[in-house]
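In: Give me a 3D structure for the following:
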Amino acid sequence: MDSAARLVVLVDKDGQQIAVHGELGELDTTSLASLVAGNVAATGGMAKLIGEREFPTLSHEGERESIHISVIGRVLLVVVFDDRSSLGLVKLRSKQISQELAAAFAEIERDSEFATDALPFDEITDEEIDSLFSQT
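Out: Reported below is the predicted structural model:
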């Protein structure tokens, strides 16, 4: 993902981490995944209260680090970034990547219609995810 993001994480809506790419440092990505899923669930409740189905994107800006979350069906794209990037650039690149991921997930679902236990992201390899995030 060409946005100078520090870290990109794919998470399912149940809080399970699917993939991680970028600078981890001391960050507990398992906890991050759970908290992001909880945050999306909570804001989903707020959305319903005001008549929306859900909020497709969420952003949290801190003094040094910020987080942008995109909802892609049952998958959450989480981007952690600092002052090397801007929220506008992260939103733009996240929207582009989200569309590519949604198309990939839809294709996988179509291809695995007859597989009863398959999840939409079971067939995606780490290399395919890395290539999505490293496109310019």
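In: Show me which residues of the helix or strand of the chain with the lowest mean pLDDT are buried.
Out: Scoring the helices and strands of the chain by mean pLDDT, DSSP states H and E places helix 126-133 at the bottom, with a mean of 77. Of the residues in helix 126-133, 129, 132-133 count as buried by neighbour count, 16 or more other C-beta atoms under 10 Å. C-beta coordinates here come from the backbone N, C-alpha and C atoms, glycine included.
In: cool, and stretch 11-19?
Out: Buried, per 16+ other C-beta under 10 Å, within stretch 11-19: 11-12, 15, 17-19.
In: picking up where we left off before, redo the buried residues of helix 126-133 as TSV? Include distance to Lys91.
Out: Listed next are these as TSV, based on distance: C-beta to C-beta, whole Å:
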residue	distance to Lys91
Ile129	20
Leu132	17
Phe133	16
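In: which one of the residues you listed sits closest to Leu24?
Out: Within the buried residues of helix 126-133, proximity to Leu24 (C-beta to C-beta) peaks at Phe133, which comes in at 14.3 Å.
In: Show me the shaky parts of the chain.
Out: Low-confidence segments of the chain (pLDDT under 70): 1-3, 114-122, 135-136.
In: Brilliant, that's me finished.
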